[in-house]
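# Sequence unavailable; structure follows:
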DNA sequence: GCCAACGTTGGC
DNA sequence: GCCAACGTTGGC
């Protein structure tokens, strides 16, 4: 069982949106490295840290669980969709999505919180120039984040 | 809104 | 296959 961190801009899709849906489709990933993590790495049952990016206080805001492994991201085929990819075909889809289930909100763990922690300060999330929206989280990192979690 | 970092595109 | 131009990400 692996651990991941998924980034989302709360204006586009927040942890509250996931809670409302219970199970949400994680689509719109248009970066090959992130796609590869989704396609080859994420397994049903894996734990996901939900991270809010590009907002007032970027932070880990909750936990989710992968419930459906990679399948073709339907938005790539839809010409009207902003994630449409004209170079992708149904025979050879380029992008994948996974489904995640809401688990819980937590009190936000901010970047300052992470930076202050001996283990978490080395997370790839904090590395300069880091832009991947899907990031692996090590067992040690997960343990450290768990220890910081407080009920929201 | 700024800007650094990075990925992608396309001409050659 | 190189590389400049451009677009995007995302923290600050």
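It's in. Just so we're clear, the structure is a prediction, and the values are computed from it rather than from any experiment.
# List the residues that contact residue A:91.
Listed by Cβ atoms under 8 Å, 6 or more residues apart in numbering, residue A:91 has no contact partners. Yep, even glycine has a C-beta here, placed from its N, CA and C like the rest.
# Oh, that last question was meant for residue A:11, not what I typed.
Shown in contact with residue A:11 (Cβ under 8 Å, 6+ apart): A:54-55.
# go again using 10 Å as the cut-off
A:52, A:54-55 (Cβ atoms under 10 Å, 6 or more residues apart in numbering).
# For the residues you listed, give me CSV that also has neighbour count, distance to DNA strand C and pLDDT.
What follows is those, written out as CSV (neighbours: other Cβ atoms under 10 Å; distance: Cβ to the nearest atom of the strand, whole Å; pLDDT from 0 to 100):
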residue, neighbour count, distance to DNA strand C, pLDDT
A:52, 21, 8, 97
A:54, 11, 4, 94
A:55, 13, 7, 93
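# Which one of those is nearest to residue A:20?
Residue A:20 has its nearest neighbour among the contacts of residue A:11 in residue A:52, at 15.7 Å by Cβ to Cβ.
# Look up the closest residue to that closest one, ignoring the ones flanking it.
residue A:10 (4.6 Å; Cβ to Cβ, 6 or more residues apart in numbering).
# Tell me the predicted confidence for the one you found.
Per-residue pLDDT puts residue A:10 at 95.
# Narrow the contacts of residue A:11 to those in strands?
Within the contacts of residue A:11, residues falling in strands by DSSP state E are residue A:52.
# quick one: residue A:100 and residue A:50 touch, right?
Yes. Using Cβ atoms under 10 Å, residue A:100 makes contact with residue A:50 at a distance of 8.4 Å.
# what's the overlap in contacts for those two?
Common neighbours of residue A:100 and residue A:50 (Cβ under 10 Å, 6+ apart) are A:4, A:6, A:18, A:63-64.
# Of these, grab the buried ones for PyMOL.
For the buried members of those, the matching PyMOL selection, counting by 16 or more other Cβ atoms under 10 Å, is:
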select buried, chain A and resi 4+6+18+63+64
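# In helices, which of the shared contacts of residue A:100 and residue A:50 appear?
residue A:18 (DSSP state H).
# Now residue A:137. Nearest residue, chain neighbours left out?
Nearest-residue entry for residue A:137: residue A:3, 3.9 Å, with adjacent residues in sequence omitted and distances by Cβ to Cβ, 6+ apart.
# Fine by me, thanks again.
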